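**Student:** The sequence and its predicted three-dimensional model are supplied below.
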Amino acid sequence: MEEQTKYDEIRVKLGSRLRKTGRHPFLFVGSGIPMRYAELPNWESLLRGICARISDNPFALERYDNEVSGTGKFERYPAIATLMEKDFNRTALADPSFEGFRNEHFDQLKAGTSAFKLFIARYLDTYEPTLLHEELSVLRAASNKISGVITTNYDRFIEGLFPGFKTYAGQSELLLSDIYEVGEIYKIHGSVDNPDSIVITSSDYDSFNTRKAYLVAKILTVFVEYPIVFMGYSMNDKNILNILESLAECLGPEGLGKLRDRMIFVQHGSDVGITYTRQSFGSEASIEMTTITSDDFTPIYQAIAKSETLYPPRLMRTLKKKIFQMDLSTHGTVTTRGFDGISSLPEDAKIIIGIGADTTSKGSPVKANDIYLDAVFDNMNLNPRLVVEQYLPDLLKHNTGGLPIFKYLEVYEGELYDKVSEFAKNHTAIDSYLNSAYRSQKKSFRKQLDVKTVSAIIEMERTSENKPDSLYRKLCFLEIEEYDIDSLETLLKTDIGNNPRIFNDCPEIKRLIRIYDFLKHGSAPDTVTTSANT
């Protein structure tokens with residue numbers, strides 16, 4: 001009963017402090033959270049797992065550790081990762097056991113992306129939440145009471161929890177984007193969605209620290225105006241300490257004193273309770289914050305869920321992004337005014353806040369997988385103009401293999417520029433979708449076929465013990481006149497419908513979808529057969 005009283009105390013006191021701020025909290029999430037619910041690796045486990053892939057030596061990580069200097073993991077691990085990246089890249093680019101990996105990431109490797117970081121992205125993309133489902137469901141249910149998330153994690157765990165939030169991956173994207181501090185995720189150390197953005201080696205951290213002051217300035221409003229709940233970090237985490245020290249230098253003693261109830265540090269432990277602790281830095285600055293210790297995070301999530309506001313964060317992000325000010329005169333016009341500029345308007349200004357479809361900007365974020373699904377099922381109802389002019393230029397930067405774009409180009413009436421134009425011009429034949437490794441395999445595979453049709457290859461592969469990726473790869477080896485669009489469409493719809501994770505499990509299907517899109521929307525119609533005329 002006494003322990004239950006302590007949990008109640010956490011829920012009541014935390015709820016009271018959140019209500020006093022008048023804001024929904026930001027979560028600052030470390031590796032301990034995905035470890036807690038999905039058994040994702042921490043920093044050491046990640047490095048050890050990579051070692052196991054390239055070495056049979058169970059002491060490989062310790063061997064690297066002996067070769068670096070520095071004290072503590074925050075100095076040693078980046079140095080270890082630097083050495084490991086060189087060895088991993090050397091192995092991954094030459095060893096026969098990595099042939100499948102090289103084929104899968106051929107274009108990215110050719111573009112200069114580190115094999116080490118590509119492997120990290122794939123390694124972390126295989127985890128799903130399997131633990132403490134009831135506790136996690138309370139956090140998921142509280143998503144409408146969370147303003148946003150800042151994290152140093154690379155994985156997609158947070159995006160899975162809060163699918164409606166807009167994600168900014170990496171320091172560069174965050175610094176160069178307009179942020180609204182509502183319904184957003186800031187992945188400051190990069191993301192598996194963009195392996196180049198991952199911060200893990202010494203040079204990565206040097207680059208990150210060089211621009212750290214700009215990052216702190218960018219998100220300073222978050223720390224000053226919102227309650228921040230730190231979760232999944234230790235009190236000694238250098239990533240957190242560096243940011244807090246920069247914050248202390250910006251705010252000064254008076255400003256820091258106001259953060260006492262806004263900065264909330266959650267740590268796992270059996271000594272359940274809520275108290276204040278002070279964190280000092282090398283300089284004379286220090287920050288006092290609320291510290292919660294608990295082995296059950298349910299009362300913390302319940303306190304967040306009970307915080308009150310008129311609108312959920314996702315809607316508030318939309319409101320903040322577009323506020324319409326209307327001049328109700330005979331020459332009335334509608335202009336866009338940032339939410340933060342409301343206080344600067346004249347007292348007699350007439351304002352209309354419009355909530356509805358945004359016809360001027362991107363609208364809801366569209367991801368690469370959405371484009372692939374729409375190419376097959378044609379059910380996303382995306383505006384072709386927005387896709388071609390807004391989504392594709394950005395998505396093509398991070399998807400070097402390309403995307404199924406011809407569905408939208410077929411009905412688009414404007415001019416094409418940059419990445420979209422370049423991709424369309426360079427993909428006018430089936431072989432343009434194959435990398436050099438696949439083009440060399442194509443000739444030998446075709447010699448093995450008596451009948452070169454979609455249905456024949458499906459029948460041959462389905463009766464073998466080959467993995468699905470083998471089927472999708474071999475279907476890419478047909479010539480344009482040998483494809484049956486209807487059979488190909490049926491295969492894609494069936495396989496995607498049967499496996500929601502197919503883009504992760506069988507990445508070769510994406511190449512086949514790009515070819516399907518080209519055949520259906522980008523090639524001359526009389527060169528491709530359908531079931532009706534075969």
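**Tutor:** Thanks, I have it.

**Student:** What residue spans form the domains of the protein?
**Tutor:** Following the TED database, one finds the domains of the chain at 1-40+130-306, 43-124, 358-533.

**Student:** Turn these into a markdown table, including mean pLDDT and mean neighbour count.
**Tutor:** C-betas here are computed from N, CA, C, even on glycine. Formatted as a markdown table, these follow (pLDDT from 0 to 100; neighbours: other C-beta atoms under 10 Å):
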| stretch | mean pLDDT | mean neighbour count |
| --- | --- | --- |
| domain 1-40+130-306 | 88 | 18 |
| domain 43-124 | 92 | 16 |
| domain 358-533 | 83 | 16 |
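
**Student:** residues touching Tyr7, list them.
**Tutor:** Contacts for Tyr7 (C-beta atoms under 8 Å, 6 or more residues apart in numbering) come out as 272, 294, 296, 298-299.

**Student:** need the strands for the stretch 101-250 of the chain, in chain order.
**Tutor:** Along the stretch 101-250 of the chain, counting by DSSP state E, counting those that start in this stretch, strands occupy 148-151, 166-169, 184-187, 228-231.

**Student:** er, the stretch 301-450 of the chain I mean
**Tutor:** Going by DSSP E, counting those that start in this stretch, the stretch 301-450 of the chain shows strands at 323-326, 334-337.

**Student:** hey, least reliable of these by pLDDT?
**Tutor:** Ranked by mean pLDDT, the strands of the stretch 301-450 of the chain bottom out at strand 323-326, with a mean of 38.

**Student:** From what I see, Ile274 and Thr291 are in contact.
**Tutor:** Yes. If you go by C-beta atoms under 8 Å, Ile274 and Thr291 touch, sitting 7.2 Å apart.

**Student:** so who does Ser31 touch?
**Tutor:** Ser31 sits in contact with 40-43, 152-153, 232, where contact means C-beta under 8 Å, 6+ apart.

**Student:** before we move on, the earlier item: let me have the strands of the stretch 101-250 of the chain in TSV, extended by distance to Arg63.
**Tutor:** Listed next are these as TSV, based on distance: least, C-beta to C-beta, whole Å:
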stretch	distance to Arg63
strand 148-151	31
strand 166-169	32
strand 184-187	31
strand 228-231	34
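
**Student:** Ok, which of those comes nearest Ser114?
**Tutor:** Nearest to Ser114 among these is strand 166-169; the distance by C-beta to C-beta comes to 15.9 Å.

**Student:** what does stretch 117-131 contact?
**Tutor:** 34, 36-41, 46, 49-50, 53, 85, 88, 92, 101, 105, 108-109, 136, 154-157, 160, 192-193, 195-196, 198, 200, 504.

**Student:** for it, how far is the first residue from the last?
**Tutor:** Stretch 117-131 has an end-to-end distance of 27 Å (C-alpha to C-alpha, to the nearest Å).

**Student:** and what of stretch 179-196?
**Tutor:** Per C-alpha to C-alpha, stretch 179-196 runs 22 Å from first to last residue.

**Student:** From the chain's centroid, how far away is that stretch?
**Tutor:** In terms of C-alpha atoms, centre = their mean, to the nearest Å, the centre of stretch 179-196 is set 6 Å apart from its chain centre.

**Student:** ditto for stretch 509-525
**Tutor:** 27 Å.

**Student:** in the stretch 251-400 of the chain, which spans are helices?
**Tutor:** 298-305, 313-321, 368-377, 384-386, 392-398 (DSSP state H, counting those that start in this stretch).

**Student:** counting contacts, what elements does the longest one pack onto?
**Tutor:** Meaning helix 368-377. helix 392-398, helix 485-498, helix 508-517 (3 or more C-beta pairs under 8 Å, 6 or more residues apart in numbering; DSSP states H and E).

**Student:** again, only using 6 Å
**Tutor:** helix 508-517 (3 or more C-beta pairs under 6 Å, 6 or more residues apart in numbering; DSSP states H and E).

**Student:** Put the alpha carbons of the helix it packs on into CSV.
**Tutor:** Extracted in CSV, the C-alpha atoms of helix 508-517 (Å, rounded to 0.1, in the frame of the first residue of the first chain):
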residue,chain,number,x,y,z
GLU,A,508,13.8,-5.9,-53.9
ILE,A,509,10.0,-5.5,-54.3
LYS,A,510,10.6,-1.7,-54.4
ARG,A,511,12.7,-2.1,-57.6
LEU,A,512,9.9,-4.2,-59.1
ILE,A,513,7.3,-1.6,-58.2
ARG,A,514,9.4,1.1,-59.9
ILE,A,515,9.5,-1.0,-63.1
TYR,A,516,5.8,-1.7,-62.8
ASP,A,517,5.2,2.1,-62.5
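
**Student:** tell me the angle of that helix relative to helix 485-498?
**Tutor:** Calculated by axes from the mean of the first three to the mean of the last three C-alpha atoms, to 10 degrees, helix 508-517 forms an angle of 150 degrees with helix 485-498.

**Student:** Pull the residues that contact helix 508-517.
**Tutor:** With contacts defined as C-beta atoms under 6 Å, 6 or more residues apart in numbering, helix 508-517 is touched by 372, 375, 402, 404, 406-407, 433, 469, 472-473, 475-476, 488, 502.

**Student:** Sitting in helices, which of those do you find?
**Tutor:** Using DSSP state H, the members of those that fall within helices are 372, 375, 406-407, 469, 472-473, 475, 488, 502.

**Student:** Val420 against Leu392, yeah?
**Tutor:** Yes. Assessed by C-beta atoms under 6 Å, Val420 is found in contact with Leu392 at 5.0 Å.

**Student:** tell me the contacts of Ser436?
**Tutor:** Not one residue lies near Ser436 by C-beta under 6 Å, 6+ apart.

**Student:** give me that answer again for 8 Å
**Tutor:** Applying C-beta under 8 Å, 6+ apart to Ser436 gives the contacts Phe106.

**Student:** likewise Lys493?
**Tutor:** 376-377.

**Student:** still on that earlier bit, and of the helices of the stretch 251-400 of the chain, who's closest to Tyr186?
**Tutor:** That would be helix 313-321 among the helices of the stretch 251-400 of the chain, by C-beta to C-beta, at 13.3 Å.

**Student:** ok, back up a step: take the contacts of helix 508-517 and write them to CSV, including distance to Met460.
**Tutor:** CSV is the format used below for those (distance: C-beta to C-beta, whole Å):
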residue, distance to Met460
Tyr372, 25
Ala375, 25
Gly402, 27
Pro404, 26
Phe406, 28
Lys407, 29
Tyr433, 21
Asp469, 15
Tyr472, 13
Arg473, 13
Leu475, 11
Cys476, 15
Leu488, 15
Ile502, 20
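
**Student:** do you know how far the spatially closest residue to Tyr433 that is not a sequence neighbour is from Tyr214?
**Tutor:** Once flanking residues are discounted, Tyr433 sits nearest to Ile515: 5.2 Å by C-beta to C-beta, 6 or more residues apart in numbering. Plainly put, Ile515 is 43 Å away from Tyr214 if you go by C-beta to C-beta, to the nearest Å.

**Student:** now do Gly112
**Tutor:** Going from Gly112 to Tyr214 by C-beta to C-beta gives 25 Å.

**Student:** And for Phe230?
**Tutor:** Per C-beta to C-beta, Phe230 is found 22 Å from Tyr214.

**Student:** For Asp261, give me its contacts.
**Tutor:** 17, 20-21, 227, 290.

**Student:** Who does Ile264 form a beta bridge with?
**Tutor:** Ile264 has these beta-bridge partners by DSSP bridges: Val229, Thr290.

**Student:** just checking, it touches Met231?
**Tutor:** No. If you go by C-beta under 8 Å, Ile264 and Met231 don't touch, sitting 9.0 Å apart.
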